[in-house]
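Chemist: Next come a sequence and a model predicted from it.
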Amino acid sequence: MTIRLLIADDYVIVRQGLKQIFSLTDHIRVTGEAANGEQVMELLSKDAFDALLLDMCMPGINGMELIMRIRAGNISLPILVFSVIDSPQVARLALQAGASAYLDKSSPTEAVIAAIDKLMAKERSVVAGPNENNAFVLKRKAQEEAHQSLSKRERQVLRLLVNGKRINDIAEELAISNNAVSTYKARLMQKMDFQSHAELMCYGLAHGLLE
């Protein structure tokens with residue numbers, strides 16, 4: 001059976017490379033391409049696909065938010081996240097949000113093809129039960145509420161952290177001490193109930209804080 005694949009990545013060269021790879025197989029055909037989340041939703045509304053290969057860091061609707069929108073619309077096609085973010089925590093959050101599997105972009109070609117084949121065989125990398133998904137949704141809502149309670153300075157630090165700034169860089173940009181930045185980071189991590197820096201990054205991606 002031919003697998004109709006939709007590729008979503010904002011880099012043309014990545015999409016072209018993936019298309020070239022899949023053209024060498026006899027069962028995977030790229031029948032759709034999208035450069036952002038809006039295009040993905042539009043294509044899913046009018047065309048039929050068997051699987052989605054999704055980048056996490058796209059402009060507009062980012063990967064994490066897109067996964068949740070797709071699942072909220074009762075669209076059940078397998079979603080394979082193919083991301084530059086090599087983090088078990090981010091992978092776990094993506095799977096809890098509704099992704100079917102997660103691969104980082106350092107994975108070999110054979111692993112990508114094998115992952116798609118496994119998904120089409122109804123195999124999931126991680127199975128998240130209903131209780132776990134509900135807990136994830138509740139935590140997201142709590143974090144969104146906590147986000148509103150952050151001080152102006154804490155929000156500035158959060159945005160800069162999401163954009164890859166280090167403590168020293170943030171201190172210099174905001175004209176405050178390194179200790180002050182560390183204190184603001186500790187406070188926002190506590191308020192937002194972030195357990196790791198990767199979770200902070202994931203939240204930033206899902207809420208459009210990446211510039």
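Modeler: Looks like it arrived, so ask away. Numbering: from 1, shown residues only.
Chemist: Would you map the helices across the protein?
Modeler: Along the chain, counting by DSSP state H, helices occupy 12-23, 37-46, 63-72, 88-97, 109-120, 130-149, 152-162, 167-174, 178-192, 197-206.
Chemist: Figure out which of these is closest to Phe82.
Modeler: Among the helices of the chain, helix 109-120 comes nearest to Phe82, with 6.8 Å by Cβ to Cβ. Where C-beta positions appear, they are placed from N, C-alpha and C, glycine not excepted.
Chemist: packing partners for that closest one?
Modeler: strand 3-8, helix 12-23, strand 51-54, strand 79-83, strand 101-104 (3 or more Cβ pairs under 8 Å, 6 or more residues apart in numbering; DSSP states H and E).
Chemist: can you tell me the distance between the two ends of stretch 51-65?
Modeler: Taking Cα to Cα, to the nearest Å as the measure, stretch 51-65 stretches 18 Å from start to finish.
Chemist: Show the average pLDDT along that stretch.
Modeler: On average, the pLDDT along stretch 51-65 is 86.
Chemist: Buried residues, it. List them.
Modeler: 51-58, 61-65 (16 or more other Cβ atoms under 10 Å).
Chemist: list the contacts for the closest residue to Arg187 other than its chain neighbours?
Modeler: Distances taken as Cβ to Cβ, 6 or more residues apart in numbering put Glu154 closest to Arg187, at 6.0 Å, once the chain neighbours are dropped. Glu154 makes contacts with Tyr184, Arg187, Leu188, Lys191, as judged by Cβ atoms under 8 Å, 6 or more residues apart in numbering.
Chemist: For the first one, grab the count of nearby residues.
Modeler: It stands for Tyr184. 23 (other Cβ atoms under 10 Å).
Chemist: now Met192
Modeler: Residues contacting Met192 under the criterion other Cβ under 10 Å number 22.
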